[in-house]
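Visitor: Here is the input, now give the coordinates:
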Amino acid sequence: MGRFWSLLFLLVPVLGVLVFVVAAAPDSRPLLDHWLPDNINDHGYIIDELFNFILYLTGVIFIITGVLLFYFLWRYDGERNPDPVKFTHGSQTLEIIWSVLPAITLLFIAIYQMDAWAAHKMRRPLLEDGNVKPALALVSARQFEWRISYAGEDQLVGTPDDVHVVNDLCVPVNEDIVLQVQSQDVLHSFFLPNLRIKQDLVPGMKQFSWFRPNRVGIYDLVCAELCGWGHYKMRGRLIVKSREDFDTWLSERAAEQRVTHPALDGGGGE
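Guide: Next up is the predicted model:
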């Protein structure tokens, strides 16, 4: 009976590997569309490659440890093993090995991911004159919505001519987009899964995110941080349009704002 349980235990790594292989197969969708969503960011492949590398690395370790555990369960089954039980206080050599190897692995991952970190957190897009590109919009998270302020004619965010919308983040396609992101109350996380963008938002911190969308459409904008009872409904839309359609959309929002909130038109405040 002991070896039956050993075989049952072996199903854990076997089924685990099969599920990942099937889910990662290109023809698995829409049956298993919980896998990585379509990437529409020119720079998103960096995150995908890092994700896959860590997945394969940990997958190999998972298989090796699973097989070793099965071997020991099978080899030293109490009902079939004639050898007497041997007690040991452990091996200092083995302790050093299985402490050093994980440390080396984690250090390697830390070094390997430095380029991905720099691309998404440090190398902000530049203008032709070499200056950093200004933010297209200010995205403010608050319980439980996304407040978005677009730069007006002065091309600066946070000035009286800003255009304000809620939960609809519209951007032009095939352009470097810079967003200033912040939280107005508690911890939030600005998450655009199709762009491979995730930025934790800490109240009081001025932060930026950037990307280059390459496909028009409507995608998810969600909060990836448990931010309160209404966290589940804190969803918005990422709308990617052509430059012409984006300019038209922004002009229409500005016109609506002048009618519905005249105090926001060029000055004053709410």
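Visitor: and the residue sitting nearest the centre point of the chain, what helix or strand is that in?
Guide: Within the chain, one residue has its C-alpha closest to the average C-alpha position: by CA atoms, centre = their mean, that is residue 198, at 4.3 Å. Residue 198 is part of strand 197-201 when elements are defined by DSSP states H and E.
Visitor: Pull the distance from the helix or strand that comes right after that strand to the chain's centre.
Guide: Elements were assigned by DSSP H and E; along the chain past strand 197-201, the next helix or strand is strand 207-211. Averaging C-alpha coordinates over strand 207-211 and over its chain gives two centres that are 13 Å apart (CA atoms, centre = their mean, to the nearest Å).
Visitor: Can you name the element that comes right after strand 207-211?
Guide: Once the chain leaves strand 207-211, the next helix or strand it forms, by DSSP H and E, is strand 217-223.
Visitor: and the angle from that following strand to strand 197-201?
Guide: Strand 217-223 and strand 197-201 meet at an angle of 30 degrees, taking axes from the mean of the first three to the mean of the last three CA atoms, to 10 degrees as the criterion.
Visitor: and strand 217-223, what's its mean pLDDT?
Guide: Strand 217-223 carries an average pLDDT of 95.
Visitor: Now do it: distance to the chain's middle.
Guide: Using CA atoms, centre = their mean, the distance between the centre of strand 217-223 and that of its chain works out at 12 Å.
Visitor: And the helices in the chain?
Guide: Listed from the start of the chain, the chain has helices (DSSP state H) covering 2-24, 44-75, 92-112, 114-121, 243-260.
Visitor: closest to residue 134 out of the ones you listed?
Guide: Across these, residue 134 has its closest neighbour in helix 243-260 (15.3 Å, CB to CB). (Each C-beta comes from the backbone N, C-alpha and C, glycine too.)
Visitor: Give the other helices and strands that that closest one contacts.
Guide: Under the contact criterion of 3 or more CB pairs under 8 Å, 6 or more residues apart in numbering; DSSP states H and E, helix 243-260 touches strand 163-166, strand 168-172.
Visitor: got the buried residues for the strand holding residue 198?
Guide: 197-199, 201 (16 or more other CB atoms under 10 Å).
Visitor: same question, stretch 193-209
Guide: By neighbour count with 16+ other CB under 10 Å, stretch 193-209 contains the buried residues 193-199, 201, 207-209.
Visitor: Could you tell me which residues make contact with residue 62?
Guide: Applying CB atoms under 8 Å, 6 or more residues apart in numbering, we find residue 62 in contact with 13, 16.
Visitor: how near is it to residue 5?
Guide: 20 Å (CB to CB, to the nearest Å).
Visitor: Could you report the neighbour count for residue 142?
Guide: Residue 142: 16 surrounding residues under other CB atoms under 10 Å.
Visitor: chain center to stretch 94-102, what's the gap?
Guide: Its chain's average C-alpha position is 31 Å from that of stretch 94-102, according to CA atoms, centre = their mean.
Visitor: what is the mean pLDDT for that stretch?
Guide: Per-residue scores along stretch 94-102 average to 89.
Visitor: Do me a favour and get the end-to-end distance for stretch 163-181?
Guide: For stretch 163-181, the first and last residues are 16 Å from each other (CA to CA, to the nearest Å).
Visitor: Run the angle between the strand holding residue 198 and helix 44-75 for me.
Guide: Computed by the same axes, to 10 degrees, the angle between strand 197-201 and helix 44-75 is 90 degrees.
Visitor: Direction included, what does strand 197-201 pair against?
Guide: Partner strands and pairing direction for strand 197-201 (DSSP bridges) are strand 188-192 (antiparallel).
Visitor: if we look at stretch 127-139, which residues are touching it?
Guide: Here stretch 127-139 makes contact (CB under 8 Å, 6+ apart) with 124-126, 146-151, 155-158, 162, 169, 171, 176-182, 190, 208, 210.
Visitor: In strands, which of these appear?
Guide: Cross-referencing the contacts of stretch 127-139 against strands under DSSP state E gives 146-150, 169, 171, 177-182, 190, 208, 210.
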